[in-house]
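Q: sequence-free structure coming up:
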C-alpha cells in the first residue's frame, strides 16, 4: 500500500514522522487477560501520576497540541485523541476492553503519549495521502458525531478522509471481521528516528503476538 506525506505538513514541521505498520491475515477478537490486566493497571498508575502533574505538560500531549496549533486548529476545542484518553483516565473513567486491536491501540497510545490509528485496509481504496484537510471536509467519527476536519491532519484514500489524530471515522474501523489492517502512529516529531523505529517495532511485535499474521513497518517522514 502506497502512503504519501504532503509537502505542506513537511514544510511546516520538517521533522514530522509517522510509524506505519501493515498487517496481513490477522485474527481480531477478545483481548487476552494479560492485555486487559495491563491496560487496567497502567491506567491506575497514570491516574496517580496525574494527581501531581498538569496533563497538558506531558511531553507527548504538549507536542501534539502544538502541532494542532501550527495548522490552525484550537487544541482546547479539538483535542488530540491521546489527550482525550488521558482526560478519561484523569477522571477515573477508565477505558474498558472493547476488542484486541482497539485495546492494544489504546494501551500503546497511553504508553507513548501519541495518537494511534488502526484501519481495515480492505475498506480502503487507492493511494493513502496524509495531508491537511480543507474547508468543508468532514466525516462521522467513532465518537458518533459529524466532525469538521478543516485544518486537521487527515489520512485519505480515493474516497476522502478516513482517519485523523483527532478522531477516526467509522468508515474503515477495525472489527472482529478484519483480516488486514494499517496502523499509523502519529509520532512526536522530536523523537529520534532510531527511537521511532524501536517504538514502532515494539508495537508491531506485541500486536502480532496477539493477532498472528504477518507484518512489516517503516518510518514515513523525517529521516
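A: Yep, that arrived. Keep in mind that this is a model prediction, so the values were computed, not measured. Residues are numbered from 1 along each chain as shown.
Q: Could you pull up the residues touching the nearest residue to residue 71 once chain neighbours are set aside?
A: Nearest non-adjacent residue to residue 71, counting by CB to CB, 6 or more residues apart in numbering: residue 151, 5.0 Å away. Placement of C-beta: from N, CA and C, glycine included. Contacts for residue 151 (CB atoms under 8 Å, 6 or more residues apart in numbering) come out as 71-73, 132-133.
Q: Which residue ranges of this protein form strands?
A: Counting by DSSP state E, the segments of the chain that form strands are 3-5, 17-24, 116-120, 128-132, 138-140, 146-148, 153-157, 160-163, 181-186, 214-221.
Q: May I see those strands organised as a markdown table, with mean neighbour count added?
A: Listed next are those as a markdown table, based on neighbours: other CB atoms under 10 Å:
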| stretch | mean neighbour count |
| --- | --- |
| strand 3-5 | 15 |
| strand 17-24 | 21 |
| strand 116-120 | 24 |
| strand 128-132 | 19 |
| strand 138-140 | 16 |
| strand 146-148 | 15 |
| strand 153-157 | 24 |
| strand 160-163 | 22 |
| strand 181-186 | 25 |
| strand 214-221 | 16 |
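Q: now the ones you listed as CSV including distance to residue 50 and mean pLDDT?
A: Below are the strands of the chain laid out as CSV (distance: least, CB to CB, whole Å; pLDDT from 0 to 100):
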stretch, distance to residue 50, mean pLDDT
strand 3-5, 33, 97
strand 17-24, 25, 98
strand 116-120, 20, 98
strand 128-132, 31, 98
strand 138-140, 31, 96
strand 146-148, 26, 95
strand 153-157, 26, 98
strand 160-163, 27, 97
strand 181-186, 21, 98
strand 214-221, 30, 97
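Q: got CSV for these, with distance to residue 205 too?
A: CSV is the format used below for these (distance: least, CB to CB, whole Å):
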stretch, distance to residue 205
strand 3-5, 21
strand 17-24, 10
strand 116-120, 15
strand 128-132, 23
strand 138-140, 31
strand 146-148, 32
strand 153-157, 23
strand 160-163, 23
strand 181-186, 12
strand 214-221, 8
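Q: ok so, going back, greatest separation within the contacts of residue 151: which pair is it?
A: Distance extremes for the contacts of residue 151: the farthest pair is 72 and 133 at 10.8 Å, using CB to CB.
Q: And for the nearest residue to residue 112 once chain neighbours are set aside, the neighbour number?
A: Nearest residue to residue 112, sequence neighbours excluded (CB to CB, 6+ apart): residue 199, at 6.1 Å. Residue 199 sits with 20 neighbouring residues when counted by other CB atoms under 10 Å.
Q: what about residue 199, distance to residue 16?
A: 16 Å (CB to CB, to the nearest Å).
Q: Kindly report the same for residue 121.
A: Per CB to CB, residue 121 is found 23 Å from residue 16.
Q: Between these two, which has more neighbouring residues?
A: residue 16 (22 against 19).
Q: Please name the residues that touch that one.
A: Counted by CB under 8 Å, 6+ apart, residue 16 has contacts 5, 9-10, 67, 189, 221-222.
Q: let's see it at 6 Å
A: Contacts were defined as CB atoms under 6 Å, 6 or more residues apart in numbering; by that measure residue 16 touches 9, 189, 221.
Q: likewise residue 117?
A: The contact partners of residue 117, taken as CB under 6 Å, 6+ apart, are 163, 168, 184.
Q: The nearest residue to the first one once chain neighbours are set aside bridge partners, please.
A: Nearest residue to residue 163, sequence neighbours excluded (CB to CB, 6+ apart): residue 155, at 3.9 Å. With beta bridges defined as DSSP bridges, residue 155 has these partners: residue 130, residue 163.
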